[in-house]
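**Student:** my questions are about this predicted structure, shown below with the sequence.
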Amino acid sequence: MCGRFALTEPSARLKEFLDVVEVEEFPPRYNIAPTQPILIVVAGERQQAGSNLPERKAMLVRWGFTPSWVKDPREFPLLINARAETAIGKASFRAAMRHRRILVPATGFYEWRRPPKGAKEKSQAYWIRPRKGSLVAFAGLMETWSSADGSEVDTGAILTTAANGAIGRIHDRMPVVIRQEDFSRWLDCKTQEPRDVADLFAAVEDDFFEAVPVSDRVNKVANTDPDIQSRVEEAAPLPPPKAKLADDDDGQLSLL
């Protein structure tokens, strides 16, 4: 699951990391929440100079995927995540998996370790960031929803996979990370079918991320200052790493 994330790098750094034509300036965002606009990258129509690869384009979409066939989004669940392993077989995501794969840049994400039912222990929030480098790109899907009056809304979701051993101590799902060398292959929906990029869905190695315990201030959307990423004392220590967990939920978000 990925229910909150952050993007705090300047546009110049994003442009270099993503190799996009242009990225507009925007302030650091420390607590990005569902329904808010998020920055994404898509394959453009024009080819890069001196290459047969398409240019990459950065744009904003609403975080909360709405399939094109939905008549009233108010009566449709908020899809902020899609299970990478089964998205191609789901009516909501099938078309986007084939035709509208995207990158979602981030500097990290937040996750919550929930205590067992009946336990007195409180939930513990974690700020999960790459150990090496300050930027990461999550796999995502995009869809443009059109209303009856002709207005359009671009929407997106982040793909998740079964957690690796380290993140599995906190939650059984984690975002799919696309490495820089795989950006073009993931975004290429013309020659790369979903089965051709399925190998990218594997969870990153256990030491890719580090998990920093943070306060429950991140639970509140209004808290958007850097202090929400400050380390706090854990309510209880994390258990030892465990093997990759079974993939047995339905991929829908249970909000905070």
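**Tutor:** Right, received. Where do you want to start?

**Student:** low-confidence ranges, the stretch 151-256 of the chain, go.
**Tutor:** Within the stretch 151-256 of the chain, the ranges that satisfy pLDDT under 70 run 242-256.

**Student:** mind redoing it with 50?
**Tutor:** 244-256 (pLDDT under 50).

**Student:** which residues of the stretch 51-200 of the chain fall in helices?
**Tutor:** For the stretch 51-200 of the chain, the helices defined by DSSP state H, counting those that start in this stretch cover 94-99, 183-187.

**Student:** nearest to Pro28, of those helices?
**Tutor:** helix 183-187 (23.0 Å; C-beta to C-beta). C-beta: built from backbone N, CA, C; applies to glycine.

**Student:** quick one: which of the helices of the stretch 51-200 of the chain is nearest Met142?
**Tutor:** Of all the helices of the stretch 51-200 of the chain, helix 94-99 sits nearest to Met142, with 6.2 Å by C-beta to C-beta.

**Student:** neighbours of the spatially closest residue to Pro241 that is not a sequence neighbour, how many?
**Tutor:** Distance criterion C-beta to C-beta, 6 or more residues apart in numbering; nearest residue to Pro241, sequence neighbours excluded, is Gly165 at 3.9 Å. If you count neighbours by other C-beta atoms under 10 Å, Gly165 ends up with 16.

**Student:** Gly165 is in contact with Asp207, isn't it?
**Tutor:** No - assessed by C-beta atoms under 8 Å, Gly165 is found out of contact with Asp207, at 9.9 Å.

**Student:** just the buried residues of stretch 25-44, please?
**Tutor:** For stretch 25-44, the neighbour count (16 or more other C-beta atoms under 10 Å) marks 29-34, 38-44 as buried.

**Student:** then stretch 78-85?
**Tutor:** Of the residues in stretch 78-85, 78-85 count as buried by neighbour count, 16+ other C-beta under 10 Å.

**Student:** which one of these is nearest Ile102?
**Tutor:** Ala82 (11.4 Å).

**Student:** for that closest one, name its beta-bridge partners.
**Tutor:** Applying DSSP bridges to Ala82 gives these bridge partners: Leu159.

**Student:** that one and Asp199, how far apart?
**Tutor:** According to C-beta to C-beta, to the nearest Å, Ala82 and Asp199 sit 17 Å apart.

**Student:** what packs against the host helix or strand of Ala43?
**Tutor:** If you go by DSSP states H and E, Ala43 is part of strand 37-47. Helices and strands touching strand 37-47, by 3 or more C-beta pairs under 8 Å, 6 or more residues apart in numbering; DSSP states H and E, are strand 54-63, strand 101-106, strand 136-146, helix 183-187.
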